[in-house]
Structure formats: C-alpha cells, structure tokens
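>>> What follows is a predicted structure for the sequence shown.
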Amino acid sequence: MKSFRIGLFSFLLCIVGIGLGISELKANPNCTDSISELFKRVSPSVVFISAVSIDPFKVINRVKTVIGSGFMISRDGLVLTNSHVVFGRHVIIVTLDDGNKAVAKVLGADPIFDLAVLQIPTPPEGHPAANLGDSDTVQIGEEVLAIGNPMGLEQTLTRGVVSGVNRILPESTMSMTLPLIQTDAAINLGNSGGPLVNRCGEVIGINSSILMDAQNVGFAVPINIAKQVIPQLMQQGRVIRPWVGIHGRLVKKEDLAILNIPLVDGFLVETVEPGSPAERVGVHGGELPITIVGTEFLLGGDIITEINGQSMDNPEKLIKLVRSLKVGDRLNLTLYLAMKTRKLEFDLPERPILMGDLPPDTPRDLMPGLKGGFKSSNKP
C-alpha cells in the first residue's frame, strides 16, 4: 500500500486507451442485498496476491515478499490489481477464494495509473468474475465496501462511504494528476489492488493508496480508467502516452500580486524532468520557493501562456488539451519569463517509465534503461 502527501498540482501529458473488450460488465439490478449477501456474492472473485522480488545487488536480505489483492475480471483467468504489487516481481502467486494457488504472468503493468493485468491458468469452471460498474456516477456519501487481504488476513470486508471524488495526489509516484475516489472504508497494507464495491455489488474502484498520518483516508483508482487502459495493457504490455516532462500549476497574476513582480496568467512551470523533451528545448523550471497563505510556489520558471495556440486560463481547457495529444504530435508553446515572450516547439515522444514512478522497493536491476512498460517472463 502506497502513501502520499497532498501537495502541488503537477502537469504531465497522459493519454489512455479506448474501450474495454471484456464481457463481464453487466450491472447487477439488485441493490437491496444485505452486506453479508453482498460479500458472499462478490468475495469469490477477489484473490490474494503474494509477489516475491530478488535484489541481486544485495548480499543479505535479497528476497522481499509483497502481499496484495486483486480480482477476476474474466472467467478465463484475467486478474486486475495494482502495478505496485506486481511490477518487477520475479514470482507472483495468486490464491483464489477456494484456496487454489497459481503462478501468474504479468500481461501488462502501468506504474503511473498503478494498474496491472495478470493472467493465471483458467480457474475452475463457474468461478465468478467481478461486475465492473461506472465510476463516473459515484457520489459523495455513497456507501461502499472494500474487500481484500489487509495484513495478509484473507477475504476481509470493511465498510464506509465515498468521502470525495476527483482527488488529486500530485506528490506521488504516479507522476500525474490522476483523479482518485476517496473513501473512509478502512484500507491497509494488503488491500492494494482489491475492489471498492458499491451497494449493487459493482466494482467502482481499485484500492490503491492511503494517507499514513490520517484516520481512514484511502484512495481508489476509478474503474472507468481501468476500463480504458486494460486493452493496451493486454496488447502492448504498457500504456502508451506522450511525454513533455513539466510540473507546475495554473496561476492568475492577481493571485501573486502581493509579490509585486511582473507575471502573467498561464501555467507556471515549477520543475522540469531531467532528460525530458521540455528540458531539451530549454523550458525553465523554478528556483525560488515562496509560501503565500499556506500555498507553496516555486517561482523563477517559465509561465506557459499558450499551448498549440490555446490560452492557458482554466483547468478544464488544460485537461482537455492534454488528453487530446498523442505520441508524435507537434507541441507549440508560448512562454513568458522576465518580461519577455518566446516560442518553442517539439515533437512528443513516448513517455518512458521513470524512477519516480516506481515504489522505493523496486529491484534495482529494473532501474536502468526502463522503457514505457513491463512484461513479465513468468510462466503461468
């Protein structure tokens, strides 16, 4: 289970796939079952995952075991879980609800969305798959259930409500602004990858992270994001997305008027990823940390006033533009710095997986030369 601190808004370009070609998507019309009945219906699709990694660079304590959860999304052995549970692991064992164990193969994993698809040998006939709901319809206050294996305690249910939607945790290893579902249902180590379920028995999220210093503040990746990326994970082994390499926030010059320095409306570049296209063409990041009314800014960098001719004056426009970009597109930036305006342009390459995307315990033999995704050599 990963933990995050809420901090700055970050801007990275990220494109997802289209559609989900899996048949087990029908919503359960019966939403009046008791909690016990719901658990009996949903829990057989939930699996326990034990993943082992070996660090060849260590002399002692080379072997590390990570536990997590997942759930069947098809009856032919496809399992959805978190990337941080299985990425870079050498052996992955999946335990079904009936106690049967199988060695799993990673079909694809994406540390940025924190999603992975596993393949296990075809489970016994009649073994159920989870019903996937619609996370776009989730409302604050809606009752939800988390099912998983916290602290290795198999098939555990916790109950709560949706505490928030579209939560952004930018200071995270996901390296992008991923809108998460917040819940107060208790989530602990071992719940990672397990389903967050509504009262209809439909999966609306994949439990992924918690705030360590808070009481029952957990987060789940919306299931609709998983629906979009599963085809790419299965076909390509990764999610293909363009790379700019800029972090920062939209600002209004009035918000920073107290500083009495010349600024404009736009996207304030606070950091630039090393080796990124933005760094190569000379985009400048900030150098001067300033805190205004409890909000920290990193000033001194470029302010992007236009992207491809569109002004950067509201978040909706920025998000829409970012999601429209693809690998190979040409990006035109208009930048303002020190009362001067300049223009830059460059083509968007595929974004690789960066060290900051990975959990700190990822085996070091995976660190050099990371590409855009990961495919396991494990055999089912």
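Thanks, I have the structure now. Residues are numbered from 1 along each chain as shown.

>>> Next, count neighbours for residue 38.
22 (other Cβ atoms under 10 Å). Bear in mind the C-beta positions are built from the backbone N, C-alpha and C, glycine included.

>>> mind checking the SS state of it?
Classification of residue 38 by DSSP: H, G, I helix; E, B strand; the rest coil places it in helix.

>>> now the residue nearest to residue 154 when sequence neighbours are not counted, which residues is it bridged with?
Counting by Cβ to Cβ, 6 or more residues apart in numbering, residue 48 is the residue found nearest to residue 154 once chain neighbours are left out, at 5.2 Å. With DSSP bridges as the criterion, residue 48 is bridged to residue 69, residue 95.

>>> Wait, residue 48 touches residue 95, no?
Yes - Residue 48 lies in contact with residue 95 (Cβ atoms under 8 Å); the separation is 4.2 Å.

>>> The residue nearest to residue 154 - how many residues pack around it?
24.

>>> before we move on, what about residue 50?
By other Cβ under 10 Å, 19 other residues sit near residue 50.

>>> Identify the contacts common to residue 48 and residue 95.
Taking Cβ atoms under 8 Å, 6 or more residues apart in numbering as the contact rule, residue 48 and residue 95 both touch residue 154.

>>> Three-state assignment for residue 249, please.
Per three-state DSSP, residue 249 ends up strand.

>>> My guess is it contacts residue 271. True?
No - applying Cβ under 8 Å as the test, residue 249 and residue 271 come out as separate, 11.0 Å apart.

>>> contacts for the strand of greatest length in the chain?
Longest strand in the chain, counting residues (DSSP state E): strand 156-168. By Cβ under 8 Å, 6+ apart, the surrounding residues in contact with strand 156-168 are 9, 35, 39, 43, 138-150, 177-187, 216-217, 219.

>>> Give me the buried stretch members for it, please.
For strand 156-168, the neighbour count (16 or more other Cβ atoms under 10 Å) marks 156, 157, 158, 160, 162, 163, 165, 167 as buried.

>>> Alpha carbons of that strand, in CSV - could you do that?
Provided in CSV are the C-alpha atoms of strand 156-168 (Å, rounded to 0.1, in the frame of the first residue of the first chain):
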residue,chain,number,x,y,z
THR,A,156,-11.7,-9.2,4.8
LEU,A,157,-14.5,-6.7,4.3
THR,A,158,-14.6,-3.1,5.5
ARG,A,159,-17.4,-0.6,5.1
GLY,A,160,-17.6,3.1,4.6
VAL,A,161,-18.7,5.9,2.3
VAL,A,162,-17.3,7.8,-0.6
SER,A,163,-15.6,10.8,1.1
GLY,A,164,-14.6,12.6,-2.0
VAL,A,165,-14.2,12.3,-5.8
ASN,A,166,-11.6,13.5,-8.3
ARG,A,167,-9.0,13.8,-5.6
ILE,A,168,-5.6,14.7,-6.9
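
>>> Can you give the strand pairings for it, parallel or anti for each?
Next to strand 156-168 in the sheet, as set by DSSP bridges, lie strand 143-148 (antiparallel), strand 179-183 (antiparallel).

>>> Give the buried residues for the shortest one.
Burial within strand 179-183, assessed by neighbour count using 16+ other Cβ under 10 Å, is assigned to 180, 181, 182, 183.

>>> Over to stretch 318-326?
Buried, per 16+ other Cβ under 10 Å, within stretch 318-326: 318, 322, 325.

>>> Mind checking which of those residues land in helices?
In helices, defined here by DSSP state H, the members of the buried residues of stretch 318-326 are 318, 322.

>>> ok, so of the buried residues of stretch 318-326, who is nearest residue 261?
Of all the buried residues of stretch 318-326, residue 261 sits closest to residue 318, with 23.4 Å by Cβ to Cβ.

>>> which ones are touching the nearest residue to the closest one once chain neighbours are set aside?
In this structure, residue 318 finds its nearest non-sequential neighbour in residue 312, 5.9 Å apart by Cβ to Cβ, 6+ apart. By Cβ under 8 Å, 6+ apart, the contact set of residue 312 is 250, 265, 266, 267, 304, 305, 306, 318.
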